[in-house]
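[1] Build me a model from this:
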Amino acid sequence: MDIHPVNVDEFDDGATAVELENPVPFDHYNNASAQPQPLSTLGDANLEPYEGMEFDSEHAARIFYNSYARRIGFSTRVSVYQRSRRDGAIICRQIVCSREGFRRDAGHNRSKRQRTITRVGCKAQITVKKHISGKWAVSRLVKEHNHELVPPDKVHCLRSHRHVSGPARSLIDTLQAAGMGPSGVMSVLIKESGGINNVGFTKVDCQNYMSSSRQKTLGTGGQAVFNYLERMQNEDPAFFCAVQGDFGNSTGNIFWADALSRMNYNHFGDTVTFDTTYRTNRYRVPFSPFTGWNHHGQPVLFGCVLLLNESESSFVWLFKAWLDAMSGRHPISITTDQDRIIRAAVAQVFPGTRHRFCKWSVFREAQEKLSDVYHSYPTFEADFQRCINVTETVDEFESCWKSLLLRYSLGDNEWLQSMYNTRQHWVPVYLRDTFFGEMNVTQGSDNISSYFDGYINASTNTQILIKQYEKAVASRYEKEVKADYDTLNTAPALKTPSPMEKQAANLYTGKIFMKFQEELVETLAYPAIAIDDTGLEVMYRVAKFGEDHKAHFVKFNIFRKKANCSCQMFEFLGIICKHVLAVFRVTNVLTLPSHYILKRWTRNAKSGVAVDGGTVEMPSNSPEPYAARYDNLCHEAIKFIGEGTESVHAFHVAMDALNEAAKKVASAKEHDSAVIKSFPFNSGQQLQSGSEDQEKKIQELSEELEDASRRCEGYRAKLVDVLKDMEEQKLKMSVKKKNGEAKPKEWADGGIREGGRGNAQKGVKVEKERVWRPIIALKKTRRTMKARQGVPPSHHTAHAFLGSSCCQVLTLPSRVDPLQTSAVVSLHGRLSVRVPF
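    Down below sits the predicted model:
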């Protein structure tokens with residue numbers, strides 16, 4: 001293994017470590033017998049470090065030790081580290097007291113200005129080493145200091161505890177833009193923080209930041225950015241660029257969006273994420289993208305910004321510029337950092353858009369704000385995330401939150417109280433009624449920094465920014481093309497004989513279908529039970545077999561085939577949930593209704609052209625997709641402009657040609673409009689219009705539809721009653737038919753029931769109507785007919801031969817069994833019937 005000294009290494013809260021001439025070897029620290037101490041001592045709120053103490057990461061260890069140092073009264077800095085020979089990863093890190101070691105003697109090159117001696121050879125330090133399990137454990141600890149410690153009221157002056165945070169920077173920029181000086185800014189910060197000890201930095205730090213913000217520029221790489229913008233404006237007429245200030249001035253904010261980004265927003269602009277990871281991860285370039293999700297669930301780009309000023313007015317300018325690039329179309333939802341300045345700008349520019357805080361950034365901030373709690377109580381992190389991610393109802397979350405605060409005695413924690421006050425913006429149970437398009441609904445992995453992962457990071461500077469940006473865009477486009485190809489040329493494996501699954505396989509893209517298929521298969525373990533029927537709607541209780549305590553409730557409209565589930569997965573994700581599918585299964589809904597097929601998740605998500613904010617599907621004879629037609633037309637127009645401006649004569653010819661072309665294009669648009677109006681739209685392709693006449697007409701049609709629905713429900717109820725009556729009659733017929741299959745004993749023996757006196761043979765014919773009422777017919781024939789004795793009658797009949805030819809019929813009640821009934825007729829025509837009851 002190699003041991004490397006650290007020349008300059010930034011600590012997360014602003015501290016820097018100076019160069020070490022003789023790094024300390026770590027060989028004697030590799031003590032395999034050192035076991036982690038039991039965590040029973042972690043109940044103390046003022047947790048002390050100890051050998052064997054474990055952390056999830058090196059970063060967590062540094063945060064904890066610096067928090068411990070603030071509580072004790074000293075400053076920290078990172079020292080040497082150790083890399084693995086196998087992959088070069090850091091596997092050991094030493095964090096020391098800032099007064100560790102001694103300053104090197106500069107000899108004859110000593111500076112004229114005498115610097116204060118701060119290094120006194122303090123041995124206090126902590127060394128953390130990475131284990132095979134991935135955990136970082138304390139392998140060496142020295143607590144003793146050889147200098148006096150700083151009292152609590154002055155600890156905020158120590159270097160490692162001074163840091164101008166992202167929210168503080170935004171507030172300083174805002175106050176500075178309003179003309180306020182450093183003293184006034186510090187007064188506001190002290191009042192907002194509840195005291196100078198809580199500000200986190202000194203007035204000198206504030207002055208330095210305000211001075212640097214005035215001189216903040218893109219540096220030497222700024223010219224590369226402006227060259228890219230000029231090149232794109234020349235090559236792509238649809239390229240949008242906005243600069244806060246003069247173009248070419250590298251001190252203003254810069255926003256741009258190419259034609260592909262603007263077209264992507266037209267198809268997938270229902271939910272947007274504004275990524276400000278650079279503020280928390282200390283990027284060298286203040287680069288922030290606007291992103292979303294395409295029809296494969298992949299991140300897609302909507303524009304980028306270089307944000308050199310972080311005041312509220314700058315964010316307002318940025319959001320307005322982005323909205324102009326997207327034709328003024330507001331998204332349904334937007335996800336950002338929970339910074340107060342950004343929240344105010346979003347509320348001002350997007351008043352009707354649902355604003356969500358990035359849950360990943362909330363959890364990251366929790367590790368910093370609650371570092372003592374995290375290490376004092378090993379189970380707190382799991383309980384905290386379970387309270388946020390697993391609870392499924394508002395009441396369940398409220399109960400779990402109160403229990404969490406009570407269990408860990410955190411009722412007075414100011415940060416938790418502030419996050420609870422804004423819970424509607426980041427806790428999932430409050431956000432499920434709005435579309436955000438994320439596959440993992442209940443997971444805490446919604447890290448907004450995803451589109452440029454692997455291309456732009458903390459070490460990226462402005463000189464290579466554009467090159468990395470173009471590589472990332474090309475890579476994302478290639479992945480989308482690959483996903484399109486796989487969807488069109490790879491048939492998914494079906495797991496059920498359901499026609500709904502086959503329908504979804506032909507509609508959805510590959511990844512979205514897999515999510516739907518997962519929900520569909522799980523319905524086999526989710527029985528749906530009707531618990532309330534109002535005639536128009538039926539309420540079903542759906543729970544997994546054996547887990548009745550985790551039931552969901554689905555309200556189903558039979559006529560409209562619309563269902564609302566308490567889990568709200570369709571509203572949040574746009575894919576129907578297992579609970580609604582279980583109701584469809586018991587109500588014989590065999591195919592997905594059109595209103596449950598979100599076009600943005602289908603294979604044809606990018607088909608159609610934009611008209612007044614909506615998407616109109618073009619007829620199938622359209623030879624090229626919209627993007628290809630747009631690109632080809634732009635390139636031809638650019639060449640035409642270049643040739644048409646070479647001379648005055650060429651210019652006049654070009655203008656005449658453009659005027660003629662404009663007339664032909666207008667004629668073609670009128671023809672296309674007529675075709676579009678005659679072309680049938682499905683439910684996912686309706687035009688949106690904000691005119692009052694159309695809204696009134698839609699309202700009238702909705703009322704008529706509602707009235708028709710009520711009438712149809714009445715007809716349906718009557719029809720159901722008739723069907724029930726027919727089923728009862730059918731059941732009675734089947735029972736009678738089954739009883740009639742057994743022959744009477746006397747018929748099986750070939751005998752005929754007789755009665756009376758004289759030479760006449762008497763008999764009775766018993767028949768059964770096709771409905772369900774049996775009858776007895778008495779038939780009299782001439783005496784010259786011969787009796788068919790000894791021959792079993794067909795169809796269970798018995799004949800009696802009388803001297804008259806009249807016929808008498810007697811109808812028996814439906815409860816009487818005709819096979820057990822007998823009748824005798826005397827010579828005088830008297831009828832005697834034996835009916836068993």
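[2] just for the stretch 1-150 of the chain, where's the confidence low?
    Residue ranges of the stretch 1-150 of the chain with pLDDT under 70: 1-46, 105-115.
[3] Could you rerun that using 50?
    Filtered on pLDDT under 50, the stretch 1-150 of the chain yields the residue ranges 1-45.
[4] now do the stretch 651-800 of the chain
    676-691, 743, 745-800.
[5] would you list every one of the strands in the stretch 551-700 of the chain?
    552-557, 562-565, 609-611, 614-616 (DSSP state E, counting those that start in this stretch).
[6] The second one packs against which elements?
    Right, strand 562-565. Packing partners of strand 562-565 (3 or more CB pairs under 8 Å, 6 or more residues apart in numbering; DSSP states H and E): strand 552-557, helix 578-586. In this view, the C-beta of every residue, glycine as well, is placed from N, C-alpha and C.
[7] Try it again at 10 Å.
    Helices and strands touching strand 562-565, by 3 or more CB pairs under 10 Å, 6 or more residues apart in numbering; DSSP states H and E, are strand 537-542, strand 552-557, helix 569-573, helix 578-586.
[8] What strands line up against that strand, and which way round?
    Neighbouring strands of strand 562-565 in its sheet, by DSSP bridges, are strand 552-557 (antiparallel).
[9] For the partner strand, which outside residues touch it?
    392-393, 526, 528, 530-534, 536-544, 562-569, 577-584, 586-587, 589, 709, 713 (CB atoms under 10 Å, 6 or more residues apart in numbering).
[10] Buried ones only from these, please, as a PyMOL command.
    In PyMOL, selecting the buried portion of the contacts of strand 552-557, with burial taken from 16 or more other CB atoms under 10 Å, looks like this:
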select buried, resi 392+526+528+536+537+538+540+541+542+543+544+563+565+566+567+568+569+577+578+579+580+581+582+583+584+587+589+713
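[11] secondary structure element for Trp401?
    helix 394-407 (DSSP states H and E).
[12] Flag every buried residue along the helix or strand that that helix is followed by.
    Using DSSP H and E, the helix or strand that follows helix 394-407 in sequence is helix 414-421. Going by neighbour count (16+ other CB under 10 Å), the buried part of helix 414-421 is Leu416, Met419.
[13] Could you identify the helix or strand that succeeds helix 414-421?
    helix 462-489.
[14] Pairing partners for the strand or helix carrying Thr291, with directions?
    Using DSSP H and E, the element containing Thr291 is strand 287-293. Paired neighbours of strand 287-293 in the sheet (DSSP bridges): strand 271-274 (antiparallel), strand 299-306 (antiparallel).
[15] Let me know which of those strands is the nearest to Val199.
    Comparing these by their distance to Val199 (CB to CB), the top pick is strand 271-274, with 27.2 Å.
[16] Point out where the stretch 251-400 of the chain drops to low pLDDT.
    For the stretch 251-400 of the chain (pLDDT under 50), the answer is none.
[17] Do you have the helices of it handy? List them.
    Secondary structure of the stretch 251-400 of the chain, counting by DSSP state H, counting those that start in this stretch: helices at 259-268, 277-281, 312-325, 340-349, 359-369, 371-376, 380-389, 394-407.
[18] So which of these is nearest Cys241?
    The nearest among the helices of the stretch 251-400 of the chain, by CB to CB, is helix 312-325 at 8.9 Å.
[19] Now the closest one: buried residues?
    Using 16+ other CB under 10 Å as the test for burial, helix 312-325 gives Glu312, Ser314, Phe315, Val316, Trp317, Leu318, Phe319, Lys320, Ala321, Trp322, Ala325.
[20] ok, Ser647 - how many residues close by?
    Using other CB atoms under 10 Å, Ser647 has 10 neighbouring residues.
[21] In CSV: the strands paired with strand 287-293, plus mean neighbour count.
    As requested, the strands paired with strand 287-293 are exported to CSV (neighbours: other CB atoms under 10 Å):
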stretch, mean neighbour count
strand 271-274, 24
strand 299-306, 23
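[22] So which of those strands is nearest Lys664?
    strand 299-306 (33.8 Å).
[23] Using PDB, write out every CA atom in that closest one.
    C-alpha atoms of strand 299-306 as PDB (Å, rounded to 0.1, in the frame of the first residue of the first chain):
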ATOM      1  CA  PRO A 299     -33.300  11.500 -17.100                       C
ATOM      2  CA  VAL A 300     -33.800  14.000 -19.900                       C
ATOM      3  CA  LEU A 301     -32.400  17.600 -20.100                       C
ATOM      4  CA  PHE A 302     -34.500  20.800 -20.300                       C
ATOM      5  CA  GLY A 303     -31.700  23.400 -20.100                       C
ATOM      6  CA  CYS A 304     -28.600  24.500 -18.100                       C
ATOM      7  CA  VAL A 305     -27.400  27.500 -16.200                       C
ATOM      8  CA  LEU A 306     -24.200  28.900 -14.900                       C
END
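[24] contacting residues for Phe584?
    498, 500, 520, 523, 528, 554, 556, 561, 563, 576, 590-593, 596.
[25] What separation do you get for it and Met500?
    The span separating Phe584 from Met500 equals 7 Å under the rule CB to CB, to the nearest Å.
[26] Next, show the common contact partners of these two.
    Leu520, Ile576, Leu590, Thr591, Leu592.
[27] Could you work out the most separated pair of the residues you listed?
    Applying CB to CB across these, the maximum distance is between Ile576 and Leu590, 14.0 Å.
[28] what about those two, which has more around it?
    Shown here are Ile576 and Leu590; by other CB under 10 Å, Ile576 has more neighbours (23 against 11).
[29] Could you give the backbone dihedrals for the more buried one?
    phi -70, psi 140 (degrees, to the nearest 10).
[30] ok, Tyr596 - contacts?
    Residues counted as contacts of Tyr596 (CB under 10 Å, 6+ apart) are Ala504, Lys561, Lys562, Ala563, Phe570, Gly574, Ile575, Ile576, Val580, Leu581, Phe584, Ser683.
[31] Find the residue closest to the third one in space, skipping its chain neighbours.
    Nearest residue to Lys562, sequence neighbours excluded (CB to CB, 6 or more residues apart in numbering): His595, at 6.8 Å.
[32] how near is the residue nearest to Gly644 when sequence neighbours are not counted to Gln233?
    Distance criterion CB to CB, 6+ apart; nearest residue to Gly644, sequence neighbours excluded, is Ala654 at 3.0 Å. Ala654 sits 21 Å away from Gln233, going by CB to CB.
[33] cool, and Lys663?
    Counting by CB to CB, the gap from Lys663 to Gln233 is 29 Å.
[34] Mind checking which of those two has more residues around it?
    Using other CB under 10 Å, the more surrounded residue of Lys663 and Gln233 is Gln233, with 13 against 10.
[35] ok, that one touching Ala242?
    No - the criterion here is CB atoms under 10 Å, and Gln233 misses it with Ala242 at 11.7 Å.
[36] Name the residues contacting each of the two.
    Going by CB under 10 Å, 6+ apart, residues that sit against Gln233 and also against Ala242 are Trp256.
[37] What distance do you get for Leu323 to Cys304?
    15 Å.
[38] coming back round to it: what angle do the strand holding Thr291 and helix 259-268 make?
    Relative orientation of strand 287-293 and helix 259-268, computed by axes from the mean of the first three to the mean of the last three CA atoms, to 10 degrees: 40 degrees.
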